[in-house]
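In: no FASTA, just this:
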């Protein structure tokens with residue numbers, strides 16, 4: 001059974017550092033899935049977060065990615081499965 005960490009609110013340059021700390025703490029506590037269902041707004045920092053976390057732990061599963069995040073990833077050439 002996987003532990004799910006839900007990112008709340010937005011994932012932008014204004015919240016990036018805070019979200020990185022939250023996600024890192026959640027992973028250290030055993031989270032195996034990051035859920036973005038409740039993310040209201042993203043910018044390129046969302047893709048940066050995905051890249052950073054996957055460098056640290058490639059087994060983390062990401063679910064419910066916002067369409068905006070997928071579009072940004074496509075534009076910058078990052079393949080988010």
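Out: Perfect, thanks for sending it. Computed from a predicted model, the values in this text were never measured in an experiment.

In: In this structure, mark out all the strands, start to finish.
Out: 3-6, 9-11, 31-35, 39-42, 61-63 (DSSP state E).

In: winner for burial among these?
Out: strand 9-11 (a mean of 19; mean count of other C-beta atoms under 10 Å). Any C-beta I mention is one placed from the backbone N, CA and C, and that applies to glycine too.

In: Tell me which strands it pairs with, and in which orientation.
Out: Here strand 9-11 has these sheet partners by DSSP bridges: strand 39-42 (parallel).

In: Reformat the strands of the chain into a markdown table and put distance to residue 77 next to each item.
Out: Compiled in a markdown table, those are given as follows (distance: least, C-beta to C-beta, whole Å):
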| stretch | distance to residue 77 |
| --- | --- |
| strand 3-6 | 27 |
| strand 9-11 | 20 |
| strand 31-35 | 21 |
| strand 39-42 | 17 |
| strand 61-63 | 18 |
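
In: Tell me who's in contact with the spatially most central residue of the chain.
Out: The centre of the chain sits closest to residue 50, judged by C-alpha atoms, centre = their mean, with a distance of 4.7 Å. Going by C-beta atoms under 8 Å, 6 or more residues apart in numbering, residue 50 touches 62, 69, 73, 78, 80.

In: Weed out the non-buried ones from these.
Out: Buried by 16 or more other C-beta atoms under 10 Å: 62, 69, 73, 78, out of these.

In: Which residue in those has the weakest pLDDT?
Out: The weakest per-residue confidence within the buried ones among the contacts of residue 50 falls on residue 78 (92).
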